[in-house]
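The following block contains a protein sequence and its predicted model.
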Amino acid sequence: MAEKYVPTEREQKFLDGVESPRYDRQIITGLTPFFTGKAPEDMAALYSEAELGELKKLKGTERDVEKRMPVKVTRHYWDLAKNSAGLRRLVKASPDETLNLQGSEDPGHQMDYSPVEGLLHKYEMGLMYVISTCSAHCRFCYREELIAQKDIERQDGTVAKKGLAQIEDIVAYVKEHNAAVEQNGGLHPETGREKLREILLSGGDPMVLPNAKIAAWFGALAEAGIESIRLGTKEMAFFPNRFDDAFLAMLDRFHETWPDVGFRLMIHFNHPDEFLLKNDDGNYRQNPNGSPMWHPDTKRAMEGVVSRGWVNVENQAPIIKGINDDPGALRIMQRALYRVGVGNHYFFCGRDIVAYKAFNVPIETAWKTLNDSQKGLSGVETHARMSITHYKGKTEVAAVTNEAIPGLAGSENGVVVFKILRNAASAPDRGKVCIVGRNPDAIWFDDYEDRVLYDEAGLFDYARVKKASLEATGTEVKP
Ligand code: SF4
């Protein structure tokens, strides 16, 4: 471990002016308050008696849903979810989740990219786990192993829970890496990677941390020479009042102190019901000009960040069965977000997390859902791409065709074209494609293994991934 971190004078001055209010999110944690009748009366309606009976039967068994993924909900989210089946599914534990526990404990083989506890170093970018919880929990979470504090096998064969990043370790690593890159003419002498330019604060949700802690990370990263900081959060949906004057003042002070360091807020809305107001008939309320009306708390929060022109705000979200696998909802969401200055970055296919079959829609369905949602939108509203996170890196589901390609055996039902957007280990791989014959039921890459037609991207050099994910559940590994 590196020596205790000491802020610079400039950092300390910035930190001295940061205000860290406490917030009352009115969170219900776990199912026990519902089982014991201790949940506030109005929020108790989240589960019916029958649902609680089913969930209680699973308590302490292999199929305990809370053991797979802890349960948590804020009052703000529950108020929205009352009028939205998709939102209820997002936060409500369901016995279906643990019917099939197949999946990977370390989706994307993230531990392969972790040189320091709590950091994933992916080419020019680092992702840090700075906290292991959120204000509420999405049942489909692809960080369930971190949030549920499960044991993960490391590259060296040891088994331990995922730890959180510590400022002194990260700063030491960034400085060492970037010094080696500089001395070697722009590429790291051993890994061939470029400068570590950008760091993403992730978790869990960093917005659960107090402003002082977020500011400590920002200051330390800026002083270490990081050019751009990202923060990934779902707090706009779970508790938008967190984006208050104290937080915005901290951002402003940060920008004044380090004007050359970029800041990007990566938000996570799955569904427009998370921020738009509805009428009693279930339709969205409209402003006089016909545009949809935002929830006042979310509107205030969003205006606060977007009005700072130096803050980029981008939305990204997975497409999940029963939550947002709906082209109409995605169309409204993309249009409404772009109108207030939020970019639509990625939509994701669900990952191969433990129990992924309960949440993921087939890859081709997800692509079609997004493609249909973008029909009739303008070009600027349709920047979002359909991405699937291969262990090599972000991969676009670029196209799904319906017709056979003349002369190409295996393409009789059409093909799926994957394209590497970024390889976490090798930048030159960008743009390489892989073409497979269609399989409308495919939920993960292994469902295409028997129909690969062309693979310059190397997506199906995949034996270790398949073996690990199947062995984890005792499923027979096919030769
Ligand atoms: S907000 Fe993100 S990290 Fe938190 S539970 Fe949802 S998906 Fe997981």
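Received the coordinates, thanks. Small disclaimer: the values here were computed from a predicted structure and weren't measured.

got a list of what the residue in the stretch 251-400 of the chain that the ligand sits nearest to touches?
In the stretch 251-400 of the chain, no residue comes nearer to the ligand than H268, which is 5.9 Å away by C-beta to the nearest ligand atom. C-beta: built from backbone N, CA, C; applies to glycine. H268 makes contact with 232-234, 236-237, 315-317, according to C-beta atoms under 8 Å, 6 or more residues apart in numbering.

make it 6 Å
234, 317 (C-beta atoms under 6 Å, 6 or more residues apart in numbering).

Make residue 1 into 8 and carry on from there
With 8 as the first residue, the last one maps to H275.

pLDDT score assigned to it?
Here, the pLDDT recorded for H275 equals 98.

Against A336, how distant is it?
Look at H275 and A336: by C-beta to C-beta, to the nearest Å, they are 15 Å apart.

any low-confidence regions in the stretch 8-157 of the chain?
Counting by pLDDT under 70, the stretch 8-157 of the chain contains low-confidence ranges at 8, 112-118.

What segments of it are helices?
For the stretch 8-157 of the chain, helices defined by DSSP state H, counting those that start in this stretch occupy the ranges 16-23, 39-42, 56-65, 72-75, 82-88, 92-98, 151-154.

most packed of those?
Sort these by mean neighbour count, taking mean count of other C-beta atoms under 10 Å, and helix 151-154 sits at the top with a mean of 23.

With only the CA atoms kept, save it in CSV.
Provided in CSV are the C-alpha atoms of helix 151-154 (Å, rounded to 0.1, in the frame of the first residue of the first chain):
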residue,chain,number,x,y,z
GLU,A,151,-24.1,-7.5,-7.8
GLU,A,152,-20.9,-9.2,-6.8
LEU,A,153,-19.6,-5.9,-5.3
ILE,A,154,-22.9,-4.8,-3.8
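
The ligand contacts on this structure?
Neighbours of the ligand within the chain, by C-beta under 6 Å from any ligand atom: 141, 144-145, 148, 150, 211-212, 241, 275.

same thing but 8 Å
Remark: the part of the chain in contact with the ligand comprises 76, 140-141, 143-145, 147-151, 153-154, 209-212, 239-241, 245, 275, 325, using C-beta under 8 Å from any ligand atom.

Mark which of these are buried, thanks.
Buried members of these, counted by 16 or more other C-beta atoms under 10 Å: 76, 140-141, 143-145, 147-151, 153-154, 209-212, 239-241, 245, 275, 325.

Quick check: the gap between A432 and the ligand.
Distance, A432 to the ligand, using C-beta to the nearest ligand atom, to the nearest Å: 24 Å.

Give me the pLDDT value at that residue.
pLDDT, read off for A432, is 74.

Ramachandran angles for R237?
Dihedral angles of R237 (phi, psi; degrees, to the nearest 10) stand at phi -120, psi 150.

for E205, same thing?
Phi and psi for E205, reported as degrees, to the nearest 10, are phi -130, psi 140.

and what of L207?
Residue torsions, per degrees, to the nearest 10, at L207 are phi -110, psi 120.

So it sits against R237, correct?
Yes. Counting by C-beta atoms under 6 Å, R237 is a contact partner of L207 at 4.1 Å.

follow-up on the earlier one: looking at the helices of the stretch 8-157 of the chain, spot the one closest to H262.
Closest approach to H262 among those is made by helix 16-23 (10.4 Å; C-beta to C-beta).

and that closest one, what does it pack onto?
helix 218-230 (3 or more C-beta pairs under 6 Å, 6 or more residues apart in numbering; DSSP states H and E).

Just the mean pLDDT for the helix it packs on, thanks.
For helix 218-230, the per-residue pLDDT averages 98.

cool, stretch 180-189 as well?
On average, stretch 180-189 scores 96.

now do stretch 283-300
Mean pLDDT, computed over stretch 283-300, is 95.

With T140 as the reference, measure out to the residue of the chain most remote from its centre.
When each C-alpha in the chain is compared with the mean C-alpha position (C-alpha atoms, centre = their mean), G414 comes out farthest, at 40.4 Å. Counting by C-beta to C-beta, the gap from G414 to T140 is 54 Å.

next one: V320
Relative to T140, and taking C-beta to C-beta, V320 is found at 23 Å.

what do you get for K220?
According to C-beta to C-beta, K220 stands 14 Å off from T140.

Which residues are in contact with each of the two?
Common neighbours of K220 and T140 (C-beta under 6 Å, 6+ apart) do not exist.

Specify the beta-bridge partners of the residue most central in space within the chain.
In the chain, the residue lying closest to the centroid (C-alpha atoms, centre = their mean) is A324, at 6.5 Å. Beta bridges link A324 to F354 when assigned by DSSP bridges.

My guess is it contacts H278. True?
No. With contact defined as C-beta under 6 Å, A324 does not reach H278; the gap is 8.3 Å.

List the contacts of Q381.
Contacts of Q381 (C-beta under 6 Å, 6+ apart): T389.

Got the confidence number for it?
97.

So it versus K375, what's the distance?
The gap separating Q381 from K375 is 11 Å, by C-beta to C-beta.

In the helix ranked longest in the chain, which residues are buried?
In the chain, with assignment by DSSP state H, the single longest helix is helix 174-190. In terms of neighbour count (16+ other C-beta under 10 Å), helix 174-190 has its buried residues at 174, 176-181, 184-185, 187-188.

What of stretch 313-322?
Applying 16+ other C-beta under 10 Å to stretch 313-322 flags 315, 318-322 as buried.

where does the residue lying closest to S418 once chain neighbours are set aside land in three-state SS?
Once flanking residues are discounted, S418 sits nearest to I412: 4.2 Å by C-beta to C-beta, 6 or more residues apart in numbering. Look at I412: counting by DSSP: H, G, I helix; E, B strand; the rest coil, its state is coil.

Give me the neighbour count for I412.
Counted with other C-beta atoms under 10 Å, the neighbours of I412 add up to 15.

How much space separates it from F467?
The gap separating I412 from F467 is 19 Å, by C-beta to C-beta.

And for whichever residue of the stretch 158-307 of the chain sits closest to the ligand, nearest residue in space, chain neighbours not counted?
Using C-beta to the nearest ligand atom, the closest approach of the stretch 158-307 of the chain to the ligand is made by K241 at 3.5 Å. Nearest residue to K241, sequence neighbours excluded (C-beta to C-beta, 6+ apart): H275, at 4.1 Å.

for stretch 350-363, the distance to its chain's centre please.
Centroid separation for stretch 350-363 versus its chain: 7 Å, with C-alpha atoms, centre = their mean, to the nearest Å.

what do you get for stretch 179-187?
27 Å.

And for stretch 76-90?
The answer for stretch 76-90 is 18 Å, by C-alpha atoms, centre = their mean.
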